[in-house]
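Visitor: structure for this input, please:
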Amino acid sequence: MIDRLRAIEASAPPSDGVVCFARLYREVTEDVAADLTRAGFADAPFLEALDVRFAGLFFSALDSYGQDPTQTPSAWVPLFAQRGRRGIAPLQFALAGMNAHINRDLPVALTTTCRELGLDLREGSREHADFERVDSLLARVETRIKSSYLTGWLAWLDRLVHRLDRIDDVAAMWDVDRARDAAWTNAQALWALDAEPPLAAEYLLALDRMVGLAGRGLLIPADSWLLKLGRALSR
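Guide: The predicted model follows:
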């Protein structure tokens, strides 16, 4: 998984939207993995299987978009379609990817993993306890890495070029704890609909479209001073 993320990072310029997300995803994965080795979990095989399934959904969506965009989950389309668009800050790209991956992919990965391992997707289980323990690790790591997009001279230059309040608004829109809590709830809904495949498919389709709508909101270009000046001079 890490190798594939590094390959994606090397496949395009650092400003590319998918590269921005892949870099954040890799750094979060590496840091959380280091923490996991130091902490005891009740069901480590569950977390390992979930991690593989989860990452596979991103890779599958990216491959799908390259072959046939119409078959790509709607949640991912905003990021893939606008990956080279100017005026969108790296943080916006990174969070749009997190939005698609956690809000759409994580419920699917949870239900698939639990079925494969013969587990019951319910609150109070040891798997749910492990999932929540990862939340605290992930939130800390994600906050640190997200702040790296907002500090330092490169971030200062980015915030000079892009509208400052827009970047802060985007950062405030995203909370990994709430997103993962919602993902578990949506996974339980899909689990409960297992006996009604058409209804489960409709539920996932509606979720996919809603997440895609949120992704488009996260990727509204952060207006630049140069664009403002250009518009003023063209009047």
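
Visitor: any idea how far residue 72 is from residue 61?
Guide: 6 Å (Cβ to Cβ, to the nearest Å). Where you see a C-beta, it was placed from the backbone N, CA and C, and this is true even at glycine.

Visitor: correction: residue 178
Guide: When residue 178 is compared with residue 72 (using Cβ to Cβ), they lie 25 Å apart.

Visitor: ok, these two, which is more surrounded?
Guide: residue 72 (20 against 11; other Cβ atoms under 10 Å).

Visitor: quick one, what contacts the more buried one?
Guide: Residue 72 is in contact with 61, 64, 65, 80, counting by Cβ atoms under 8 Å, 6 or more residues apart in numbering.

Visitor: which non-adjacent residue is nearest the first one?
Guide: When you say that, I think you mean residue 61. If the residues on either side of it in the chain are set aside, residue 61 comes closest to residue 76, at 4.4 Å by Cβ to Cβ, 6 or more residues apart in numbering.

Visitor: can you give me the strands in this structure?
Guide: Read by DSSP state E, the chain holds no strands at all.

Visitor: which neighbours do residue 61 and residue 72 share?
Guide: The contact sets of residue 61 and residue 72 overlap at residue 80 (Cβ under 8 Å, 6+ apart).

Visitor: distance of the most centrally placed residue in the chain relative to residue 67?
Guide: In the chain, the residue lying closest to the centroid (Cα atoms, centre = their mean) is residue 98, at 1.5 Å. For residue 98, the distance to residue 67 (Cβ to Cβ) stands at 24 Å.

Visitor: also residue 209?
Guide: 21 Å.

Visitor: those two: who's more crowded?
Guide: residue 209 (13 against 8).

Visitor: let me see the contact set for the closest residue to the more buried one other than its chain neighbours.
Guide: Nearest residue to residue 209, sequence neighbours excluded (Cβ to Cβ, 6+ apart): residue 74, at 5.0 Å. For residue 74, the contacting residues are 208, 209, 211, 212, by Cβ under 8 Å, 6+ apart.

Visitor: model confidence for the second one, exactly?
Guide: Pointing back at residue 209 there. Among the per-residue scores, residue 209 shows a pLDDT of 97.

Visitor: same question, the last one
Guide: Here the pLDDT value assigned to residue 212 is 97.

Visitor: for residue 82, what are its contacts?
Guide: Here residue 82 is in contact with 17, 88, 219 (Cβ under 8 Å, 6+ apart).

Visitor: 10 Å - rerun?
Guide: 17, 88, 92, 93, 96, 215, 216, 219, 221 (Cβ atoms under 10 Å, 6 or more residues apart in numbering).

Visitor: quick one: the helices in this structure?
Guide: 2-10, 17-38, 44-67, 77-81, 90-100, 106-117, 126-148, 152-161, 164-173, 176-192, 197-218, 225-234 (DSSP state H).

Visitor: show me what the second one is packed against.
Guide: In this structure, helix 17-38 makes packing contacts with helix 2-10, helix 44-67, helix 77-81, helix 90-100, helix 126-148, judged by 3 or more Cβ pairs under 10 Å, 6 or more residues apart in numbering; DSSP states H and E.

Visitor: can I get the last one in CSV? Just the C-alpha atoms.
Guide: Backbone C-alpha positions of helix 126-148 (Å, rounded to 0.1, in the frame of the first residue of the first chain) are rendered in CSV as follows:
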residue,chain,number,x,y,z
ARG,A,126,-13.9,-5.4,20.5
GLU,A,127,-13.6,-4.4,16.9
HIS,A,128,-15.6,-1.2,17.6
ALA,A,129,-13.4,-0.5,20.6
ASP,A,130,-10.3,-0.9,18.4
PHE,A,131,-11.8,1.3,15.8
GLU,A,132,-12.4,4.1,18.3
ARG,A,133,-8.9,3.7,19.7
VAL,A,134,-7.5,4.3,16.2
ASP,A,135,-9.7,7.4,16.0
SER,A,136,-7.7,9.1,18.7
LEU,A,137,-4.4,8.2,17.1
LEU,A,138,-5.6,9.2,13.6
ALA,A,139,-7.0,12.5,14.9
ARG,A,140,-3.7,13.5,16.5
VAL,A,141,-1.6,12.6,13.4
GLU,A,142,-4.1,14.1,10.9
THR,A,143,-4.2,17.3,12.9
ARG,A,144,-0.4,17.6,12.9
ILE,A,145,-0.1,16.8,9.2
LYS,A,146,-3.0,19.1,8.3
SER,A,147,-1.3,21.9,10.1
SER,A,148,1.8,21.4,8.0
